[in-house]
Structures are given as C-alpha cells and as structure tokens.
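> sequence-free structure coming up:
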C-alpha cells in the first residue's frame with residue numbers, strides 16, 4: 001500500500017515525499033481512512049508506531065478541504081498529550097505534513113513563560129497541540145476558546161492517567177463542543193482507559209497494532225545480573241564498548257538520574273539528564289545535544305522520556321528495572337524503530353529479579369543473560385520480613401525528613 005492509495009491530497013503527498021515516507025505503517029493504513037471518513041477512532045498503539053501521522057494527516061486534510069473563512073483563524077483541532085517533549089514532537093510533525101497547505105499550528109506547554117505562546121494564539125491557529133495544565137490555565141485567562149473545535153485528539157491516554165491528569169481531562173471534555181470528531185490513542189487499555197474512552201467517543205472504530213505486550217523482533221535484548229552496589233562499575237564496563245556511541249539510559253528516579261550523570265561526567269563520559277525537575281530549556285538542550293552527538297549518554301526517567309523520538313537510536317540501557325513490565329516495552333521501543341536494529345541492555349540486582357520474571361511473562365520470551373560479566377550477582381534478595389523492616393525504616397526516615405523540613409521552615413519564618 002502507498003500513501004496515494006489512502007486518497008490524500010497532492011499537497012500532503014508532496015510533504016510526505018519530502019519526509020521520505022514511502023509507505024504507511026500499519027496504524028496509518030488502518031486509521032487514516034477511518035478519520036477521513038469522519039469516524040471516531042479508539043486506537044491501541046505504542047509510541048513509535050507512526051500514530052502521530054495517523055491522526056495528524058487526515059485532520060490536516062479535513063481542514064485544508066474546508067478552507068479558511070475571512071476572519072481570524074480559530075482553534076479547529078485540539079490535540080492533548082501528557083508531556084512537553086511529546087507535544088513539541090507532534091507540533092514538528094504537523095508543521096512538516098502541512099508544509100504545502102495554509103494550515104497553521106502552535107504548541108503550548110508549561111514550564112516556560114507564556115508570552116510567546118499567547119502571542120501565537122492571538123494571531124490565530126488552526127491546530128493546537130497542548131499539555132493539559134497549560135491549556136486549562138490559558139483557557140481560564142481567556143486566551144483559548146474550544147467553541148470551534150471540530151477534531152479532538154487525546155494521545156497517550158494511559159500515561160495521561162498515570163500522571164494524574166484525569167480531572168484536567170474531564171474539565172476539558174465539559175468545555176468541548178458535543179458535535180465533534182474524536183480520536184483516542186493509548187498504549188494499553190485497562191478498565192479506567194476504556195471507561196474514559198466511552199465518555200469521549202461516539203460509536204468508535206477500533207484500531208489495534210503493536211500492542212504493549214510485544215517487543216520488536218529487530219531489538220536484541222540482553223540482561224546482566226549484578227549487585228546494586230556494582231551497577232555503576234558495570235555500566236562503565238559496558239560503555240567501554242566503542243560501538244555504543246549513543247545510548248538512552250533509564251533511571252527510576254530523578255535523583256538517581258542526576259547521580260548517574262555526575263558519575264559519568266567524572267569519568268569524562270558526556271552525559272545529560274532529562275526529567276521533571278529540569279526546566280524546559282534544560283530538557284530541550286539535553287535532547288538537542290544528544291541528537292547532535294555532543295552527549296553520549298542521555299539519562300531519563302520514564303515520564304520525561306515518553307515522546308522522545310530519536311532517528312537511528314540503537315542502544316537503550318535499563319539501569320533500573322521498571323516494576324511495571326509494560327514500561328520495559330515502552331523503554332526498549334525507543335531503539336530499533338522503523339525496522340532498524342536495536343540493542344537493549346538491562347542490569348538487574350537481586351531485588352529486581354522478580355520484575356524481570358514479570359517482563360518475560362508479558363513479552364513471552366526469555367531475555368538473554370550475558371555470561372561475560374565482571375560484576376556478577378552475589379547478593380540474595382531480602383526475605384519478606386527483611387523487606388517489611390526495610391520499608392518500615394524507610395518510611396520512618398521519610399517522616400523524619402519532612403518533620404525536620406517543616407520545622408526549619410517555621411524557624412525561618414520566625415527569623416524573618
């Protein structure tokens with residue numbers, strides 16, 4: 001199948017040719033005709049399957065065919081997505097696909113001053129890509145009206161709920177026109193997502209490709225079993241391989257990501273962190289430096305990494321094993337995209353071994369254990385009683401920390 005077979009207009013076909021898009025992916029081939037036909041769509045698809053084009057291209061075509069009234073442009077299409085990085089990426093894709101049309105788009109997100117964004121909105125925009133918090137904020141300030149929205153997209157819905165945006169989404173739904181075409185995409189379909197989709201969609205057509213339980217056959221998966229205290233030494237050993245010129249490394253926490261970056265930089269290895277505590281400018285600079293090869297290792301947390309799309313990325317390292325097996329599939333899906341080969345390397349300590357078993361159960365395959373390992377696992381996992389005592393002590397220290405912090409705040413106020 002070709003894009004011509006999907007009955008796309010010449011201006012879009014020309015833009016796709018500029019992007020070297022030769023044939024549609026599975027989700028594009030299934031979803032584009034449905035959206036062009038005016039159907040609501042419920043899509044199950046991971047990031048990296050080409051779903052941005054699956055909803056953006058037909059929306060651009062709808063708007064291009066409708067033409068523009070003489071007055072200032074109004075928001076005709078709203079695309080809501082959970083993270084800044086993903087919003088920016090979607091905006092860049094729309095700009096590319098709409099290059100030979102008169103359709104304009106803008107992207108709004110928090111973490112930066114709003115002036116540039118509100119200036120763009122006041123000039124008029126056809127397609128608005130937004131994260132929920134900044135969208136509601138600018139709506140409350142009177143910069144955005146959803147009264148003219150004809151096409152609504154909720155992207156990465158499962159991550160949206162994981163990040164606590166459910167109440168924001170419901171506020172948006174209450175302010176959207178009842179008569180609209182809605183598209184809903186999620187990597188997984190738990191009960192909460194199905195319930196939310198029923199509030200958004202009207203007799204939707206279902207499209208499902210590359211479900212979250214599957215990993216691409218083009219990705220080699222390797223596993224090192226080691227001790228928690230040896231992970232950094234093992235990482236430095238792995239990075240001695242000169243073939244690993246660029247690697248996306250996952251850390252469970254923001255503090256862990258910062259710590260890894262500091263230790264890598266101490267060893268003269270170019271590294272940068274991308275997570276929720278970094279400013280938007282810092283995150284964009286880290287991503288830009290990584291894409292341009294100025295940084296060898298980009299250390300990311302899961303939420304910040306959703307939406308990172310790097311052409312030809314070959315290596316992903318799981319420094320920490322995720323406790324949700326679906327997250328593992330999302331992570332390693334960052335490499336080996338669009339048929340390219342990828343390599344996933346995971347490092348598990350004794351306490352994470354059970355997570356590996358859950359992952360293998362989900363993906364229905366064993367992850368290959370690396371025998372050439374100078375830092376093999378010798379620690380034993382904690383017993384149930386030891387784990388309970390450990391959690392108890394951790395909670396005690398946490399409560400003590402917050403109590404001291406509040407006490408220090410009160411003392412500071414008194415001194416002022």
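Noted; the coordinates are in hand. This one's a predicted model, so the numbers in the text were calculated from it and none came from an experiment.
> from now on I want contacts and neighbour counts done on CA atoms only, so please keep to that.
Noted.
> for burial, what's the neighbour tally of residue 116?
Counted with other CA atoms under 10 Å, the neighbours of residue 116 add up to 10.
> and it, its phi and psi?
Per-residue torsions, residue 116: phi -60, psi -40 (degrees, to the nearest 10).
> gap between it and residue 94?
19 Å (CA to CA, to the nearest Å).
> for residue 65, same thing?
Residue 65 is 16 Å from residue 94, by CA to CA.
> between the two, tell me which one has more neighbours.
More neighbours surround residue 94 than the other of residue 65 and residue 94, with 24 against 11 (other CA under 10 Å).
> report pLDDT for the residue lying closest to the more buried one once chain neighbours are set aside.
Nearest in space to residue 94, with sequence neighbours left out and distances taken as CA to CA, 6 or more residues apart in numbering, is residue 56 at 6.3 Å. Looking at residue 56, its pLDDT is 97.
> quick one: residue 56 and residue 220, what's the gap?
From residue 56 to residue 220 the distance is 32 Å (CA to CA).
> which of the two has more neighbours?
Shown here are residue 56 and residue 220; by other CA under 10 Å, residue 56 has more neighbours (23 against 18).
> and the more buried one, what helix or strand is that in?
helix 51-66 (DSSP states H and E).
> helices of the stretch 151-300 of the chain, start to end?
157-162, 166-175, 191-200, 231-238, 254-266, 280-291 (DSSP state H, counting those that start in this stretch).
> out of those, nearest to residue 39?
Closest approach to residue 39 among the helices of the stretch 151-300 of the chain is made by helix 191-200 (12.8 Å; CA to CA).
> buried residues in the closest one?
193, 196, 197, 200 (16 or more other CA atoms under 10 Å).
> can you give me the pLDDT of the second one?
Model confidence at residue 196, given as pLDDT, is 89.
> how many residues are close by the closest residue in space to residue 12 that isn't next to it in sequence?
If the residues on either side of it in the chain are set aside, residue 12 comes closest to residue 97, at 6.0 Å by CA to CA, 6+ apart. Look at residue 97: counted by other CA under 10 Å, it has 24 neighbours.
> residues contacting residue 191?
For residue 191, the contact set (CA atoms under 8 Å, 6 or more residues apart in numbering) is empty.
> one step back: mean pLDDT lowest for which of the helices of the stretch 151-300 of the chain?
Lowest mean pLDDT within those: helix 157-162, a mean of 81.
> after the helix or strand harbouring residue 15 comes which helix or strand?
Assigned by DSSP H and E, residue 15 belongs to helix 10-18. Tracing the chain past helix 10-18, the next element assigned as helix or strand by DSSP H and E is helix 26-36.
> buried stuff in that next one?
26, 27, 28, 29, 30, 31, 32, 33, 34, 35, 36.
> OK, contacts around the first one?
Residue 26 makes contact with 49, 209, according to CA under 8 Å, 6+ apart.
> same thing with the third one?
Residue 28 makes contact with 50, 51, 53, 54 under the criterion CA under 8 Å, 6+ apart.
> one more pass at 10 Å, please.
The neighbourhood of residue 28, defined by CA atoms under 10 Å, 6 or more residues apart in numbering, consists of 3, 6, 34, 49-55, 57-58, 207, 209.
> is it possible to mark the buried ones in the residues you listed?
Buried among the contacts of residue 28 (16+ other CA under 10 Å): 3, 6, 34, 49-55, 57-58, 207, 209.
> out of these, which one has the lowest pLDDT?
Lowest-confidence member of those: residue 49, scoring 74 (pLDDT).
> surely residue 42 is in a strand?
Yes - applying DSSP: H, G, I helix; E, B strand; the rest coil, one finds residue 42 inside a strand.
> doesn't residue 205 make contact with it?
Yes - under the criterion of CA atoms under 10 Å, residue 42 makes contact with residue 205 at 6.1 Å.
> settle it for me: which of the two has more neighbours?
residue 42 (25 against 15).
> picking that back up, the helix holding residue 56 vs helix 10-18, what angle?
Helix 51-66 runs at 150 degrees relative to helix 10-18, counting by axes from the mean of the first three to the mean of the last three CA atoms, to 10 degrees.
> picking that back up, so who does the residue nearest to residue 12 touch?
By CA under 10 Å, 6+ apart, residue 97 lies in contact with 11-19, 53, 56-57, 60-61, 103.
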